[in-house]
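Chemist: Sequence plus predicted model, see below.
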Amino acid sequence: MSLSVTLTINHVPRTIDLDDPRVTLLDLLRERLNLTGTKKGCDRGQCGACTILLDGRRVNACLALAISHDGAEVLTIEGLAQGDTLHPVQAAFIAHDALQCGFCTPGQIMSAVGLIGEGQAGTDPERVREGMSGNLCRCAAYRGITEAVVEATQAMTTQQEAA
C-alpha cells in the first residue's frame with residue numbers, strides 16, 4: 001500500500017509517495033529528499049537537533065509523522081537563506097561564534113527563527129534561554145547562542161519597523 005503526502009518544503013510544493021505511514025518528517029527530509037541539515041540527534045524529541053518550522057511553528061521533526069501533515073509548509077535550514085544572503089539569525093550565529101562542533105546548529109537556528117517569529121524572544125537573555133531550552137548543545141555554546149538570538153531579534157525588529 002502506497003500513501004502520498006503533499007508538502008511545501010522550503011517554498012517548493014512536493015508530492016511524495018510513502019511506503020510506510022510511520023515515516024517521520026525527519027526521515028523523509030534526510031533519507032528521501034537529501035535535506036541533511038536537519039540532524040537526527042536523540043530521535044526522541046529531547047535534544048532539538050531536528051527542529052524545523054512546520055506551518056511557521058517549531059517542531060521536532062523526529063516526532064512528526066509525515067502523513068499527519070499533508071498540505072503543510074515545512075521550512076528547514078536549507079530554505080532559510082535567500083540565495084547568498086544569510087537570514088539574520090544565521091548571520092548573528094556567525095558573528096557571535098554561537099557554534100562549536102556545529103551538530104546542533106541547524107536546530108538551534110530554526111528554533112531561534114521560530115521563537116522570534118512567535119514574538120517570544122525579546123531581548124532579555126533569560127527569556128531567550130528559556131525559549132531555547134528545548135535545544136541542547138553538547139559543546140555548551142549557550143552564551144553565544146543567546147547573544148545571537150538577542151542580536152537577531154533586534155535586527156529583525158528594526159527591519160520590520162523600517163518596512
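Modeler: Perfect, thanks for sending it. All values reported here derive from a predicted model rather than from experimental measurement.
Chemist: Run a quick neighbour tally on R14.
Modeler: 14 (other C-beta atoms under 10 Å). C-beta coordinates here come from the backbone N, C-alpha and C atoms, glycine included.
Chemist: Share the number of residues neighbouring the nearest residue to it once chain neighbours are set aside, please.
Modeler: Of all residues not flanking R14 in the chain, L7 sits nearest, at 5.6 Å (C-beta to C-beta, 6 or more residues apart in numbering). The criterion is other C-beta under 10 Å. On that basis, L7 has 22 neighbouring residues.
Chemist: Could you report the pLDDT at L7?
Modeler: L7 carries a pLDDT value of 98.
Chemist: Okay, buried residues for the host helix or strand of it please.
Modeler: Assessed by DSSP states H and E, L7 sits inside strand 3-9. Residues of strand 3-9 classed as buried: V5, L7, I9 (neighbour count, 16 or more other C-beta atoms under 10 Å).
Chemist: which one of these sits closest to A49?
Modeler: I9 (18.5 Å; C-beta to C-beta).
Chemist: hang on, the closest one packs against N34?
Modeler: No: between I9 and N34 there is no contact under C-beta atoms under 8 Å: 11.4 Å.
Chemist: Quickly find the element holding the residue nearest the centre of the chain.
Modeler: Centroid-nearest residue in the chain: M110, 2.5 Å away (criterion: C-alpha atoms, centre = their mean). Assigned by DSSP H and E, M110 falls within helix 105-117.
Chemist: who does the helix or strand following that helix touch, helix- and strand-wise?
Modeler: Counting by DSSP H and E, the element after helix 105-117 in chain order, helix or strand, is helix 125-131. Contacts defined by 3 or more C-beta pairs under 8 Å, 6 or more residues apart in numbering; DSSP states H and E place helix 125-131 against helix 142-162.
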